Structures are given as C-alpha cells and as structure tokens.
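[1] build me a model:
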Amino acid sequence: MQVNNVIFVYQGEVTADLVSSVLQMMENKLDGDGEDKKVKKKVFNVMVECLQNVYHHLDALESSNVSGKINDKRALLMIGKEDTDYYVITGNYILNDRVNAVKEKLERVNKCDKEELKKLYQEILSNEEMSDKGTAGLGMIDIARKSGQKLGFDFHYVDENYSFFSLEAKVSRVQP
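    Residues are numbered from 1 along each chain as shown. Got it, this is the predicted structure:
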C-alpha cells in the first residue's frame with residue numbers, strides 16, 4: 001500500500017457509522033500531514049460526496065446460500081495520494097438496469113466545464129426532482145465541481161442482475 005501511495009482502503013459493508021469514522025480519520029490524517037487548508041477542504045468535500053453516493057445508492061447484491069438469501073451490501077473505498085493529486089475511488093454493486101442511466105449522467109457531467117456544471121446543478125435544484133432514494137441526483141455534479149476534474153468510472157459485468165460500478169475522483173494539490 002505504501003508503494004502505491006494508498007492512505008486508506010476498505011472493503012465491506014457501508015454504514016452511516018463507517019462513513020463518519022472514515023471522514024474523521026481522513027480529516028485527522030490531512031491535518032497531521034499539514035496539508036493546505038484549501039486542498040484539505042476539497043479532498044474532504046469530495047470524500048463526503050463519494051461516500052454518501054455509495055451509502056445512498058448501493059444496490060445490495062442478493063445471493064443465496066444454505067441458510068437462505070443474503071443481501072450483500074459490500075463496497076470498496078480507497079483513498080490515496082499520487083504526486084500532485086489525492087484520489088478517492090469507490091466501488092459498489094449496481095443493478096444492470098441502472099447502468100445506462102448512471103453512465104449517461106456521468107458522461108453528461110464529464111462534458112461540462114466549470115460554468116456548465118454550475119448551471120446543471122442549479123437546473124436540477126430548481127426542478128426539485130427527488131429520486132426514489134430521497135436524493136436529487138446532485139452527488140456526481142458536486143464531486144466534479146469540488147474536484148475540478150473529470151470523473152473516472154467503469155462498469156464491470158458481474159451476472160445477469162448486477163455490475164460492479166467504480167468511480168474515481170481526483171483532487172489536485174497544485175492550485176491552478
């Protein structure tokens with residue numbers, strides 16, 4: 001992990017307590033490293049959005065074993081530092097019927113410049129559209145706005161019901 005500059009990695013069930021603990025730990029780490037306040041704020045904000053995204057939009061992978069059905073709510077979280085960037089990578093299961101919509105949304109976000117992202121954010125807010133999970137779908141836009149960079153993403157087919165969705169957000173430590 002040190003060779004690859006990984007600060008934190010977690011694979012397991014995502015809970016509200018886990019999200020709080022990870023955020024507190026990373027805030028302490030950034031403080032301890034003496035990171036610039038602006039960079040620390042950006043990294044922290046991107047982490048919050050990424051973790052909330054996983055927490056709110058994780059599709060439990062349903063499987064069966066001898067004792068019955070299992071709802072597997074595992075996800076992956078990795079935070080690292082590479083040269084001039086911090087990176088936050090999340091991964092979680094997503095139902096295949098949601099893949100195209102998420103992919104289209106991410107592609108739309110990645111096509112926007114800073115001003116277009118601001119307009120898109122305001123447009124969604126003014127429409128007050130809430131998802132079935134109780135969110136307005138602003139997370140990806142927020143991540144792109146706060147990181148100032150395009151989002152990396154991929155979908156890996158798991159089976160006829162699920163794919164594994166990974167999202168990467170980078171925050172530059174070098175001020176433009």
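
[2] what sits against residue 81?
    5, 7, 87, 173 (Cβ atoms under 8 Å, 6 or more residues apart in numbering). All C-beta atoms are positioned from the backbone trio N, CA, C, and that covers glycine.

[3] lowest-confidence entry in these?
    Among the contacts of residue 81, residue 173 carries the weakest pLDDT, at 82.

[4] wait, doesn't it sit right on residue 39?
    Yes. Counting by Cβ atoms under 8 Å, residue 173 does reach residue 39; the two are 5.1 Å apart.

[5] anything in contact with each of the two?
    By Cβ under 8 Å, 6+ apart, the residues touching both residue 173 and residue 39 are residue 86.

[6] farthest pair within the contacts of residue 81?
    Across those, no pair lies farther apart than 7 and 173, at 13.1 Å, counting by Cβ to Cβ.

[7] returning to that earlier point: which of the contacts of residue 81 has the largest number of neighbours?
    Highest neighbour count within these: residue 87, with 21 neighbours (other Cβ atoms under 10 Å).

[8] for residue 119, see how far away that one is.
    27 Å (Cβ to Cβ, to the nearest Å).

[9] residue 158 too?
    Taken as Cβ to Cβ, the span from residue 158 to residue 119 is 36 Å.

[10] that'll do, ta.
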